[in-house]
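Novice: Sequence and predicted structure are below.
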Amino acid sequence: MLFLLAILVGVLYGAAVYLLLRRNIFKLILGLIFLGHATNLLLFVAGGLTSGRPAFLRGLQGEAAGMSDPLPQALILTAIVIGLGVTAFALTLVYRFYKVTKTVDFDQLSENE
Amino acid sequence: MTTGLFLLVLLLIAVIAPFTRKYLKNQAGWTYAIWPFAGFIYYLSLLPAINQGAVLTESFEWIPALGINFSFYVDGFSMLFSLLVLGIGTFILVYAGYYMRPYPMKGRFLGYLLLFMTAMQGIVVSGNLITMFVFWELTSISSYLLIGYYHEKPEARASALQALLITGFGGLALLGGFVLLAIPYGSYELSYILASPDIIKNSNLYLPAFILIAIGAFTKSAQFPFHFWLPGAMTAPSPVSAFLHSATMVKAGVFLLARLNPVLGGTEIWSYTLTIFGVTTMFVGAWISVTQTDLKKILAYTTVSALGTLVLLIGTGTEYAINAAIIFLLVHALYKGTLFMMAGNIEKKTGTRDIRELGGLFKYMPFAAIVMSMALVSMAGVPPMLGFLGKELIYEASVAAPRAYWFILSLGFMTNVILVFLSLRLAIDIFWGKEPAYAKKPAEPALPLVLGPFFLVLASFVLGLFPHAMANPLTSKAITAISPMHDAIVLKLWHGFNLVLALSALTLLSGYLIFRSRHTLLPSIDNVNIRYFRREFTRVFFNLLDGFLVFTKLTTKTLQHGYHRFYLMTLFVVASVLVWVMIWRADPIMLELNFSDMPLNLVAVVALIIAATFSAVVSNSRVVALISMGVIGFGITIIFIAYSGVDLAITMIMVETLLVILAMTVVYHLPKYQNFSSTGARMRDTLVATLVGAFFMVLVLQAGTSSLEMPISEYFKEASYSLAYGRNIVNVILVDFRALDTLGEITVISIAALGIYSMIKLSKK
């Protein structure tokens, strides 16, 4: 499964990079979201894949062995929430950007400065 | 203690001078001169101890971890230089206090002068290379301020900038040189480096260190082809020219070469470089000075010539040469300081310093005329002035030069002939020649204006008259300090009839003959100069500077083009190429394709995400793109669930839902979805994206196959219930172990919310 997920991470990063290089500012935002997904998944996969053993304790002896690693999950959780904040802010910025400049093309912005 | 304390107080006086000048009124000059004079007396009182062989050192810690200290090192050579800096400095302050009376901002001017004096005195007593560098740069900066003192004049600003750029460039090279020099020693302390000179000579850092230090010294001491800033600096007021640009600052380069002579000197490259640059500068300076008509420019070019002579002598490095260097250094400082101050006086009293418009001044200012003529006699090298001894020693050194002595001797001879000619011309044409119509009647300069010149000439006279009793004790330890294997030669006026005396006589005679025929000779020399020699160095320098600015503008424009996507592309390409190189070199990944751990439902989810990704990227509709984004988000949620990330999955579901709704709201306001890129650009970007994506794929495979220990997580698993009383470990980490991080996260979200709110509020208006 690792192999498939590696391909998936690669595809997500590829899509992120491709979209970040676009002139259309909306596509740039899509690229940002892709970048977040790709990175979260990268951390998740790199933390080790454990099927069906969430990091819950029930008070049994020795149950921690073989449990999924909670630390990457905590990190990713933080990242997801921050990603939401950033994306929401960026989306609103795009909206304002268009209201002020009447364009969504980055090149027109640098010429109109 | 004393040397450091002395400098500190001097610096303090420099700082308060601009504010206290108005209370001291016209007494400011000599009041500020008291402290430098006290320093002069102090260093003079060290003379007996130093002649016993004492070396005074003191050290204050600055950055001990890097071996950088405020160390001071006073030996015979430092002492001689201190006497020059503080002695001449005292007279200059008295002179400047009076000279600058008609000008605005006198207090600031005196402050700059004192600041410069601190810096120069700091250089000559520095015992640590970095300390010396700091003082060195301080002289460049104070020199900039002083040259540009008449800042409302464009040419003064241009000259100041030129001097700063050239000496600043040299200073940078010098710092590099010092660092390289210190590496083999592991110390910046001068006393340590001077104690074992062979370490650097056996190191392969010798050559780069020498080249960089030489650049620093040559730029500071106006060696050809960097000489042109010095005549340019003559736009400064006369006290500045007399102090910085004749007696002290321009000698800093010479000081440095002499100081490091025991360490760096004696090698082939050292001798050849110094000899060639020195001899060229000596002759070119003298030659150009012949056809100058501005009194200060003449003096500036002869200063260039004298600096060349000093570098040549240090490069020659024989016993005679080192003796000659020290004596000539003293000689030159004494007569050139006088001449510059007198040039200022003449300009002040007649309103001009063009020697064609001067003449017959003897009857108006007899005392000044005698003082200046005596200095010129010293410059011409006529007994009994000290200048004679200097010139004799230079000839002795040239005759005995180890290589190319005929070349050095003939150019040295011509240089001295030119000096004799100039001395005669300046003395006779200015004081006795035909009197032009002066705008106002010239008068004897006031006492403070001639006090300095008088004492300097007196010193030159007395030292020349009693060389063995006076000049020898003053200089002998300076000579052995910069060349430990040589001894100080016993100085005397009369050497008997020999080759050198004959050369001296021939020099005087030739100088006189040229002076006699100057009216016919000068125009033709001028022609030669204009046709072959007249390189407008200043213009070339500023052209180079303009070219450099154009070049930097071009590179900045190329690198800072303003297109975000090309910045990003540069980052992506460079980073992934670097990583690809690493992957290429690393061990190949052992890939085990095990189809049994690939549940069909998950394979289907991955396939769905990939399909949705392509749809999101290539779609022409934003709604389709956003729905695809939603599919991707929920697909990833399923992967999280499948691999025990329950909390992640819950968060993802909420976040994705929110995001899709938010994006839809925004999309509603945006214009038609457009594609701005050309097919070529899309192909190129696809390539970059593939490069980066593939590298992340390999990264995941690497990370997945290399198993590391997880000590931190083990702790959380252990402590989650026992310490924090929580069973959901992920939650416990977030709200307990790393609660502050979560607080930060909440802050970020609040700030984002505030930003969004204000942006929407703003747009409502």
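Specialist: Sure thing, it's come through. Note that this is a predicted model, so its numbers are computed, not measured.
Novice: Now do stretch B:199-212: distance to the chain's middle.
Specialist: 20 Å (Cα atoms, centre = their mean, to the nearest Å).
Novice: which residues are contacting it?
Specialist: Residues outside stretch B:199-212 that contact it (Cβ atoms under 8 Å, 6 or more residues apart in numbering or on different chains) are B:173-174, B:176-177, B:180-181, B:183-185, B:193, B:263-264, B:266-267, B:269-270, B:273. In this view, the C-beta of every residue, glycine as well, is placed from N, C-alpha and C.
Novice: Make a PyMOL selection of the buried ones in these.
Specialist: Typed into PyMOL, the line below selects the buried ones among the contacts of stretch B:199-212, using 16 or more other Cβ atoms under 10 Å in any protein chain shown:
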select buried, chain B and resi 173+174+176+177+180+181+184+185+193+263+264+270+273
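Novice: give the contact list for B:G53.
Specialist: For B:G53, the contact set (Cβ under 8 Å, 6+ apart) comprises B:K477.
Novice: where's it relative to B:P484, distance?
Specialist: Distance, B:G53 to B:P484, using Cβ to Cβ, to the nearest Å: 11 Å.
Novice: intersection of neighbour lists for these two?
Specialist: Counting by Cβ under 8 Å, 6+ apart, B:G53 and B:P484 have no common neighbour.
Novice: Tell me the spacing between the most centrally placed residue in chain B and B:S71.
Specialist: Centroid-nearest residue in chain B, with Cα atoms, centre = their mean: B:G171, separated by 2.6 Å. The spacing between B:G171 and B:S71, counted by Cβ to Cβ, is 20 Å.
Novice: tell me the phi and psi of the residue nearest to the centre of chain B?
Specialist: The phi/psi pair for B:G171 (degrees, to the nearest 10) reads phi -60, psi -40.
Novice: Run a quick neighbour tally on A:D105.
Specialist: 15 (other Cβ atoms under 10 Å in any protein chain shown).
Novice: And for B:L161?
Specialist: By other Cβ under 10 Å, 18 other residues sit near B:L161.
Novice: The residue nearest to the centre of chain B: what's it in contact with?
Specialist: The neighbourhood of B:G171, defined by Cβ under 8 Å, 6+ apart, consists of B:133, B:136-137, B:140, B:216, B:219-220.
Novice: Repeat the analysis, applying 6 Å as the threshold.
Specialist: For B:G171, the contact set (Cβ atoms under 6 Å, 6 or more residues apart in numbering or on different chains) comprises B:136-137, B:140.
Novice: Turn these into a markdown table, columns for secondary structure.
Specialist: Shown next, in a markdown table, are these (DSSP: H, G, I helix; E, B strand; the rest coil):
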| residue | secondary structure |
| --- | --- |
| B:W136 | helix |
| B:E137 | helix |
| B:S140 | helix |
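Novice: Can you tell me how far B:T507 is from B:S410?
Specialist: Per Cβ to Cβ, B:T507 is found 12 Å from B:S410.
Novice: Also B:I326?
Specialist: B:I326 sits 24 Å away from B:S410, going by Cβ to Cβ.
Novice: any chance you could map the helices in chain A?
Specialist: A:2-20, A:25-46, A:70-101, A:106-112 (DSSP state H).
Novice: Tell me the gap between the longest one and the middle of its chain.
Specialist: Computed by Cα atoms, centre = their mean, the separation of helix A:70-101 from the middle of its chain amounts to 9 Å.
Novice: swap in the second one?
Specialist: What separates the centre of helix A:25-46 from the centre of its chain is 3 Å, taken as Cα atoms, centre = their mean.
Novice: Just the local confidence number for B:G452, please.
Specialist: Looking at B:G452, its pLDDT is 86.
Novice: Can you name every helix or strand that the helix or strand where it lies contacts?
Specialist: When elements are assigned from DSSP states H and E, B:G452 belongs to helix B:447-465. On a contact count with 3 or more Cβ pairs under 6 Å, 6 or more residues apart in numbering or on different chains; DSSP states H and E, helix B:447-465 meets helix B:76-99, helix B:319-350, helix B:366-380, helix B:386-399.
Novice: rewinding a little: nearest spatial neighbour of the residue nearest to the centre of chain B, skipping sequence neighbours?
Specialist: Of all residues not flanking B:G171 in the chain, B:E137 sits nearest, at 5.1 Å (Cβ to Cβ, 6 or more residues apart in numbering or on different chains).
Novice: Burial check on that neighbour, number of neighbours?
Specialist: 17.
Novice: before we move on, back to that, just the buried positions in the helix holding B:G452, please.
Specialist: For helix B:447-465, the neighbour count (16+ other Cβ under 10 Å) marks B:448-457, B:459-461, B:463-464 as buried.
Novice: what angle sits between it and helix B:319-350?
Specialist: Here helix B:447-465 points in a direction 160 degrees away from that of helix B:319-350 (axes from the mean of the first three to the mean of the last three Cα atoms, to 10 degrees).
Novice: in chain A, which segments are predicted with low confidence?
Specialist: Within chain A, the segments meeting pLDDT under 70 span A:61, A:109-113.
Novice: if we can go back for a sec, show residues contacting the helix holding B:G452.
Specialist: When contacts are defined by Cβ under 6 Å, 6+ apart, helix B:447-465 is touched by residues B:91, B:94-95, B:98, B:334, B:337-338, B:341-342, B:345, B:368, B:371, B:374-375, B:378, B:384-386, B:470-471.
Novice: and chain A, which of those reach it?
Specialist: By Cβ under 6 Å from any Cβ of the partner chain, no member of these lies near chain A.
Novice: Would you list the buried entries among these?
Specialist: For the contacts of helix B:447-465, buried by 16+ other Cβ under 10 Å: B:91, B:94-95, B:98, B:334, B:337-338, B:341-342, B:345, B:368, B:371, B:374-375, B:378, B:384-386, B:470-471.
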